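Novice: show me the folded form of this:
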Amino acid sequence: MSDGSSKSMLPRYIDPRRFCQQGVVLRGFAATGEMPRLTEHNVIVESVQAELAFAIDEQRERSVKGKLAVKTQLQCQRCLELMPVDLDCDVSLAIVRDEEGSRNLPGIYDPWIVDGEETDLYALIEEEVLLNLPFVVYHEDPCGESVGNPDAFAEEGETNKQNPFQVLKQLKDKTKI
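Specialist: Numbering: from 1, shown residues only. Okay, here's the model as predicted:
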């Protein structure tokens, strides 16, 4: 997705089956404040830009294909500070009415269960972002002095170089006869 795309907001509620029949392509931004599950998972979302193409494929499956470009702030696992993480999510879904309908889908699609006519597009986007979050997040360069750095509490010029397994080694040496 290019940065030169329009700044239009995506609709929250859509009729995906009708969109597939009409070959609709949605391009724009999702309102990040409308995604509470991301907040529950401590994900700070700065922006979500989407390009989603609705179609009926050669196998007569109603499909949604596209990309999401997501700018987030996630907590570093080492220093506990926020750091920017950009996600590029590929979307390849087939619209089905229930679990039964998802059993016969071609392997290239994940199911998107839509039981009524209208559905919440933001819930779909939110789910795709959650599925694409990295398991572990940390700075590539060594983290600065912070909560997660044990040397941050040492006095200036003094470092704590003691091996945490040294105590175990001493206990093992004492038990030898």
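
Novice: now do the one helix or strand residue 83 maps to: which elements does it pack against?
Specialist: Element membership of residue 83, judged by DSSP states H and E, is strand 82-96. When contacts are defined as 3 or more CB pairs under 8 Å, 6 or more residues apart in numbering; DSSP states H and E, strand 82-96 sits against helix 16-22, strand 62-75, strand 110-113, helix 121-132. For glycine as for every other residue, the C-beta is placed from the backbone atoms N, C-alpha and C.

Novice: can you list these in JSON lines and add mean pLDDT and mean neighbour count?
Specialist: Rendered in JSON lines, the data for the helices and strands packed on strand 82-96 read as follows (pLDDT from 0 to 100; neighbours: other CB atoms under 10 Å):
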{"stretch": "helix 16-22", "mean pLDDT": "95", "mean neighbour count": "17"}
{"stretch": "strand 62-75", "mean pLDDT": "93", "mean neighbour count": "19"}
{"stretch": "strand 110-113", "mean pLDDT": "91", "mean neighbour count": "16"}
{"stretch": "helix 121-132", "mean pLDDT": "93", "mean neighbour count": "18"}
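
Novice: isn't residue 8 up against residue 26?
Specialist: No - when contacts are counted by CB atoms under 8 Å, residue 8 is not listed as touching residue 26 (9.1 Å).

Novice: ok, the two, which is more surrounded?
Specialist: More neighbours sit around residue 26 than around the other of residue 8 and residue 26, counting by other CB atoms under 10 Å; the figures are 17 against 10.

Novice: partner residues bridging that one?
Specialist: For residue 26, the beta-bridge partners are residue 52 (DSSP bridges).

Novice: wait, doesn't it sit right on residue 51?
Specialist: Yes - here residue 26 reaches residue 51: they are 7.3 Å apart, a contact under CB under 8 Å.

Novice: sorry, back to before: wait, which of the helices and strands packed on strand 82-96 is closest to residue 164?
Specialist: Among the helices and strands packed on strand 82-96, strand 62-75 comes nearest to residue 164, with 23.7 Å by CB to CB.

Novice: that closest one: how far from the chain's middle?
Specialist: Using CA atoms, centre = their mean, to the nearest Å, the mean C-alpha position of strand 62-75 is found 7 Å from that of the whole chain.

Novice: quick check: angle from it to helix 121-132?
Specialist: Using axes from the mean of the first three to the mean of the last three CA atoms, to 10 degrees, the interaxial angle of strand 62-75 with respect to helix 121-132 works out to 60 degrees.

Novice: strand 62-75 packs against which elements?
Specialist: In terms of contacts (3+ CB pairs under 8 Å, 6+ apart), strand 62-75 is packed against helix 16-22, strand 44-56, strand 82-96, helix 121-132.

Novice: quick one, that strand and strand 44-56 angle?
Specialist: Compare the direction of strand 62-75 with that of strand 44-56 by the same axes, to 10 degrees and you get 170 degrees.
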